[in-house]
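Visitor: sequence plus predicted model, see below.
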Amino acid sequence: MVDYFKELIGGTISLATGLWITFKYMWQPVITLQYPRQSVKMTRRHRSHIELARDSETGEVKCIVCGMCQRACPSNCITVIGEKSEGAKKKVLTKYILNYNTCSLCGMCVENCKPEAITFSDEYNMAGYRKEDFIMDLKKRFDEKNPKSAAATHNVAGGLKEDITRTSSN
Amino acid sequence: MIRDKIKKEMAALSPVAMLETEHAAKGYDLDVRVSPDQVVAAAEIMDRAGFFIEAVTGVDWLLEAKAAPPKPKAPSEAGEQPEGGGAAEEAAPTAPEMEVVYDFNIASELCRVVVRTRIPRDNPELPTIQQVYPGANWHERETHDFFGIKFVGHPNLTPFLLPEDADFHPLLKG
Amino acid sequence: MRQLIESQSDETFILNLGPQHPSTHGVLRVKLQLDGEYIVEAEPVLGYCHRMHEKMGENRTFAQFMPNCGRMDYLSALAYNHGYVCAVEKAAGIEVPERAEWLRVITVELNRISSHLLWFGAYLLDLGGFTPLLYAFDDRERLLDILDTVTGSRLTYCYFRFGGVYNDIDENFVPAVREFVARMRTRLPMYHKLVTKNIILMKRLEGIGPVSAEMVRKYGATGPVARGSGVSYDVRKNEPYSVYPEVDFDVPVYSEGDSMARYKVRMDEIEQSLRIIEQGLNRLPEGPVMAPKAPKILKPPKGDFYQAVEAARGSFGVRLVSDGTNTPYRLKLRSPSYSNLSLFGEAAQGMLIADAIALLGSLDLVIPEIDR
Ligand code: SF4
Ligand code: SF4
């Protein structure tokens, strides 16, 4: 009988304590964000999908089309296509296809790239209706972001433009 | 030390091979290789000594047999085949074999014991130890899933992690 | 309850718990044979999230398997990273610089706290309390931010490399972690006041789902499940790896074996992890975070190697059979929840279905880790 009342009183106190804590927290600043209208800024090292880095001197991609990233990728989601134009010594990157559907964001490609030609973007808000939306041509993305160099590369790319239109048409 | 105790008891089974290994280098302390019909007895020894079962798994040594094809005239030469994963081999396997590995561990001190056995690849059968360690039930079922090894006496060897109608064993080599 | 099974009427029926059920945390299905509200037989059905990681391991190089580790137990991905890199380093004989070892320990412990916090919130949600989840996620969010700054991802970390870690911490890391530790120290008593001492929780957990030490041994359960049943087994203490031997921490053990004991073990472990992190920060040496001579293409010698680490759910083991090439010959991944769940069938016999949920939650299951 004594135990019963002890438990009753103890239990009531424990519940009241809990309620009191909740009550106190009610007046504390809000810690959540109103997501679609506000969003968090990602940290500096955040690894989202990869992107081609820009050479600060030439304004071109740093990639030398060595294919190391393609070989290192565990998910086989990179295809690097380069072209050797006549007279030129080195290959020039024409397409850099990333199949973001299967990318595991591991960073093996970035680590294995000697000239540091790829970096991570901090874009995390990616949504699409079809999985084809995420087969991206990073070279095209790069050109869109750095329009200055676009004219030059498109000449090199020649007729390649057509078959990559699927990648980011939406 | 419990390792010596286990060693003594295992020696009574006259195992195929027994090897003390260095924990820092290998990750386990005792490596016992028994014949397939002794696994239950070995499990009972471990059970009596208070060990718990950590895992049961298999290794398909098909590629090993391929790498060192049995030479008809000089069996001693075939000894260069890959080391059977710890336990010393005394003769090269003539037919491809599969290995079943039992990991035992004990909470009270540092002693991890590996019991392994080899069974022919074309007739992979050995007795179950799930009556000794009920926890082995799932591990054996998983091993059956992945390797097609039959644990005789196991109550339920239907596909577990694989789809219900799976008729393949993914971890088989070749 | 036990008599009930003996005097079983014919009118049992089968109920599927899952594969889509909030309390199974993923895609676990438990086939329950019920007699009224009592469980006659419970049979977990697995494989809904099976991806055959072990086979994937045989098909790619050692380094390429790294991202897979984080996808088994996505809640304590770093511990899995740790187990795998330790196994490969053991096989290949790679020395890890001390700074990297400490960084590994600090981040793994942070990850352990975040895993326990998620469990804490989700478990109470199973039991019908909604608010604790929000508190837990508030803390966990801070942790994820900290781990994001150093590892680059928020959940499926892939931070460790053979011979070190991916990159060094930045100057904000240490103050941020210190702040978190201080904050967590004030939050933990609040959790205890809010939840642990709550009469409803006590009534729902005490004496529910008893697991005996013998059962733990027979089923090979490890981690908080074993420690809640009086088995003092913690890989960090029993089989020290990395720099854990130099760290001073206790292994919380409760002998009751009920769900409450497992709950308390995890709550105490958060405190112990904070201690480890603090020591790690104090002792973090300067120096490289990557072994200078770590080979790019790994070809460990022939043989088989075993490495166990203490993940948030118990002992995670990697058995690596190497044939001297740059891919593993066989990679066995021993996941703790697999063994922990295997005792559910026996433990749940004769329980009320609502209590079985309490037991299932207290095992802290992560299904992709069980299914691998
Ligand atoms: S590794 Fe770097 S340089 Fe080589 S192809 Fe890939 S992105 Fe280009
Ligand atoms: S992050 Fe990993 S998976 Fe993604 S493209 Fe790079 S190497 Fe491939």
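Guide: Everything's here; your move. Treat the numbers as computed from the prediction; the structure is a model and nothing was measured. Ligands and ions are numbered 1, 2, ... in the order given.

Visitor: surely C:Lys193 touches A:Ala16?
Guide: No: C:Lys193 lies out of contact with A:Ala16 (CB atoms under 8 Å); the separation is 10.8 Å. Yep, even glycine has a C-beta here, placed from its N, CA and C like the rest.

Visitor: these two - which one has more neighbours?
Guide: Neighbours per residue (other CB atoms under 10 Å in any protein chain shown) separate C:Lys193 from A:Ala16, with C:Lys193 holding more: 15 against 11.

Visitor: now the more buried one, what's its secondary structure?
Guide: Following DSSP: H, G, I helix; E, B strand; the rest coil, C:Lys193 is assigned to helix.

Visitor: ok, now which ones touch the residue of the stretch 151-300 of chain C found nearest chain A?
Guide: Going by CB to the nearest CB, chain A is nearest to C:Ile199 of the stretch 151-300 of chain C, at 3.3 Å. C:Ile199 is in contact with A:7, A:10-12, A:14-15, counting by CB atoms under 8 Å, 6 or more residues apart in numbering or on different chains.

Visitor: need those in JSON lines (columns: distance to ligand 2 and pLDDT).
Guide: Shown next, in JSON lines, are these (distance: CB to the nearest ligand atom, whole Å; pLDDT from 0 to 100):
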{"residue": "A:Glu7", "distance to ligand 2": "56", "pLDDT": "83"}
{"residue": "A:Gly10", "distance to ligand 2": "55", "pLDDT": "83"}
{"residue": "A:Gly11", "distance to ligand 2": "53", "pLDDT": "83"}
{"residue": "A:Thr12", "distance to ligand 2": "55", "pLDDT": "87"}
{"residue": "A:Ser14", "distance to ligand 2": "49", "pLDDT": "82"}
{"residue": "A:Leu15", "distance to ligand 2": "50", "pLDDT": "85"}
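
Visitor: and chain C, which of those residues contact it?
Guide: For chain C, the contacts drawn from the contacts of C:Ile199 by CB under 8 Å from any CB of the partner chain are A:7, A:10-12, A:14-15.

Visitor: type out the PyMOL command that picks the buried ones from the residues you listed.
Guide: Those of the ones next to chain C among the contacts of C:Ile199 that count as buried under 16 or more other CB atoms under 10 Å in any protein chain shown are selected in PyMOL with:
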select buried, chain A and resi 11+14
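
Visitor: and the ones next to chain C among the contacts of C:Ile199, which of them are in helices?
Guide: A:7, A:10-12, A:14-15 (DSSP state H).

Visitor: low-confidence stretches in chain C?
Guide: C:1-10, C:24, C:294 (pLDDT under 70).

Visitor: A:Trp20 - how many residues pack around it?
Guide: If we define neighbours as other CB under 10 Å, then A:Trp20 has 12 of them.

Visitor: helices or strands up against the helix or strand where it lies?
Guide: Using DSSP states H and E, A:Trp20 maps to helix A:2-26. Applying 3 or more CB pairs under 8 Å, 6 or more residues apart in numbering or on different chains; DSSP states H and E, one finds that helix A:2-26 contacts helix C:199-205.

Visitor: buried residues, the helix or strand following the helix it packs on. List them.
Guide: For helix C:199-205, the following helix or strand on the C-terminal side (DSSP H and E) is helix C:213-219. Of all the residues in helix C:213-219, those buried under the rule 16+ other CB under 10 Å are C:215-219.

Visitor: in CSV, list these along with distance to A:Ser121.
Guide: Converted to CSV, the buried residues of helix C:213-219 look like this (distance: CB to CB, whole Å):
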residue, distance to A:Ser121
C:Met215, 50
C:Val216, 47
C:Arg217, 50
C:Lys218, 51
C:Tyr219, 46
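
Visitor: quick one: the helices in the stretch 51-200 of chain C?
Guide: Secondary structure of the stretch 51-200 of chain C (DSSP state H, counting those that start in this stretch): helices at C:53-59, C:66-69, C:77-92, C:98-126, C:131-151, C:173-191, C:199-205.
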